[in-house]
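>>> Sequence first, predicted coordinates after that:
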Amino acid sequence: MTEWKKTFCALCYHNCGLEIQTQGHRIIKVRPDKNHPRTKGYICRKGTKLPHYQDNKERLTHPLKREGDHFVRISWETAIAEIAEKLKDILTRHGPRSLAYMGGGGQGCHVEAAFGRNLLMALGSRYHYSPLAQELTGLFWVNGRAYGRQNLHLVPDLDRAQNFLVIGWNGYVSNAGVNRARSRIDEFAKDPGKRLIVVDPFLSETAKRANIHLKIRMGTVALFLKSLIALILQEGWENKAYVQEHCRGFEKIAGWFMNFDVAGALQVCGVESQAVKEVARIYATEPTAIRSDLGLLMDRQSTMNSYLEMILMAICGRIGTPGGNVFAGHVMPLGSHSDERDPKTWRTVETDIPAIMGYFPPNVIPEEILSGKKDGLRAMIVSGSNPLRSYAGLKKTGASGDD
């Protein structure tokens, strides 16, 4: 058995510190690195399973080519030459819009994404399909309108926050978006000087630890957020100095909320008005960070939810301020700014969907493949993704890997 070696997990963007023991090229044991300056000994179940992912029995070690109903092993030289020739032929006959790239980035593909996207653009195409365009396009679009760049993202400043407001996020299980999520959740829940406030239709593992749990009716997030904003404006709790200095168009949108029937809306949401009013007061008057996730971002009013969340943060002065939500730094952004109002921004051939943060939604791929247009989708480079399993309707296209 070898000595413990320090490394990190690549299965999400937290990159938690790990220590591993190896035998040759195999990972034998994994444990959290308690001395890691950021994750401080935190590890989730994905990190503990690294040996399974690294040495999975189905992991390929050489290229395979389909012949009839089975695959045969071929050399790397043959594989690269045949792929290059086929791509060249498709691009010559149908142009660069017939080519797309799928995957790259997020879950263990951080570095590969740059190479994959650069290859795509070198071949003349900009069609990068990604799950980010299924889950987060509403948020990215709002970011672009609010902050000027779709790839500017906010994260909760939990180190300086007095309260932690959670909407549609079960971090006690997922760990997504918050470093050492369980420890931070417990910190706000148990510290008498702090609060954990959870807005969730379910009594999730995170909600079970909340100091305040608002169990709204499923599908009413937008109505709830509008009620929260209306309460703050009607009570005069907004941060007037922040709005005056940093916000444009406040007068235009204030009218949407000043005469809004909060009591009636909250009755639809299934929550008690006084409890929501107290949460509104807390958020408006005490340093409070928000963490929202797919419960808000993939609700039926996805983009509206993100827009209302941004308005809520803005009127209370919680954007880019200590103890609120601050802009995340990154070595390489998750994607590029691609404003759909810019005529240079590409749209899909058949469905006319624009790129948002440089990405296109995979669920339009069936229509793009079945398009009768000359430059319809005919070739796709898939990396770190399993589209036939992950996205709707692809099996009906008869996609087999052939042009």
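Thanks, I have the structure now.

>>> In the stretch 1-150 of the chain, where is pLDDT below threshold?
Along the stretch 1-150 of the chain, segments meeting pLDDT under 70 span 1, 105-111.

>>> quick one, helices of the stretch 301-403 of the chain?
Here the stretch 301-403 of the chain has its helices, by DSSP state H, counting those that start in this stretch, at 302-315, 365-369, 387-390.

>>> Turn these into CSV, columns for mean neighbour count, mean pLDDT and distance to Q244.
The way it works is simple: take the backbone N, C-alpha and C, and place the C-beta from them, glycine included. Below are the helices of the stretch 301-403 of the chain laid out as CSV (neighbours: other Cβ atoms under 10 Å; pLDDT from 0 to 100; distance: least, Cβ to Cβ, whole Å):
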stretch, mean neighbour count, mean pLDDT, distance to Q244
helix 302-315, 22, 97, 11
helix 365-369, 21, 94, 46
helix 387-390, 12, 84, 46
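
>>> can you put these in a markdown table and add distance to G255?
Formatted as a markdown table, those follow (distance: least, Cβ to Cβ, whole Å):
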| stretch | distance to G255 |
| --- | --- |
| helix 302-315 | 13 |
| helix 365-369 | 40 |
| helix 387-390 | 42 |
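
>>> Of these, which is nearest G116?
helix 387-390 (14.3 Å; Cβ to Cβ).

>>> Kindly format the C-alpha coordinates of that closest one as PDB.
In PDB, the C-alpha atoms belonging to helix 387-390 read as follows (Å, rounded to 0.1, in the frame of the first residue of the first chain):
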ATOM      1  CA  PRO A 387     -27.700  12.300 -24.800                       C
ATOM      2  CA  LEU A 388     -29.800   9.200 -25.800                       C
ATOM      3  CA  ARG A 389     -30.500   8.600 -22.100                       C
ATOM      4  CA  SER A 390     -30.600  12.200 -20.900                       C
END
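
>>> between the helices of the stretch 301-403 of the chain, which gets nearest to G264?
Using Cβ to Cβ, the helices of the stretch 301-403 of the chain put helix 302-315 closest to G264, at 17.4 Å.

>>> Need the contact partners of that closest one.
By Cβ atoms under 8 Å, 6 or more residues apart in numbering, the residues outside helix 302-315 that reach it are 137-139, 141-142, 146, 154, 167, 221-222, 225-226, 228-229, 232-233, 238-239, 242-243, 246-247, 250, 253, 283, 290, 292, 296-297, 299, 318-319, 324-325.

>>> coming back round to it: ok, which of the helices of the stretch 301-403 of the chain comes nearest P32?
Of all the helices of the stretch 301-403 of the chain, helix 387-390 sits nearest to P32, with 29.5 Å by Cβ to Cβ.

>>> Residues contacting that closest one, please?
102, 129, 131, 362, 365, 380, 394-395, 399.

>>> With stretch 334-344 instead?
Residues outside stretch 334-344 that contact it (Cβ under 8 Å, 6+ apart) are 105-106, 130, 132, 140, 144, 149-151, 153, 345-347, 354-359.

>>> Which ones among the residues you listed lie within strands?
Counting by DSSP state E, no part of the contacts of stretch 334-344 is found in strands.

>>> among those residues, which ones are buried?
Among these, those classed as buried by 16 or more other Cβ atoms under 10 Å are 105-106, 130, 132, 140, 144, 149-151, 153, 346, 354-359.

>>> Can you show me the strands along this structure?
Secondary structure of the chain (DSSP E): strands at 5-8, 17-23, 26-32, 64-67, 70-73, 99-103, 128-129, 154-156, 163-167, 195-199, 212-214, 288-292, 325-327, 379-383.

>>> can you list these in JSON lines and add distance to S273 and mean neighbour count?
Output for the strands of the chain, formatted as JSON lines (distance: least, Cβ to Cβ, whole Å; neighbours: other Cβ atoms under 10 Å):
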{"stretch": "strand 5-8", "distance to S273": "47", "mean neighbour count": "14"}
{"stretch": "strand 17-23", "distance to S273": "45", "mean neighbour count": "18"}
{"stretch": "strand 26-32", "distance to S273": "44", "mean neighbour count": "15"}
{"stretch": "strand 64-67", "distance to S273": "62", "mean neighbour count": "11"}
{"stretch": "strand 70-73", "distance to S273": "62", "mean neighbour count": "10"}
{"stretch": "strand 99-103", "distance to S273": "46", "mean neighbour count": "24"}
{"stretch": "strand 128-129", "distance to S273": "44", "mean neighbour count": "26"}
{"stretch": "strand 154-156", "distance to S273": "26", "mean neighbour count": "21"}
{"stretch": "strand 163-167", "distance to S273": "18", "mean neighbour count": "25"}
{"stretch": "strand 195-199", "distance to S273": "15", "mean neighbour count": "24"}
{"stretch": "strand 212-214", "distance to S273": "11", "mean neighbour count": "21"}
{"stretch": "strand 288-292", "distance to S273": "20", "mean neighbour count": "25"}
{"stretch": "strand 325-327", "distance to S273": "26", "mean neighbour count": "18"}
{"stretch": "strand 379-383", "distance to S273": "50", "mean neighbour count": "18"}
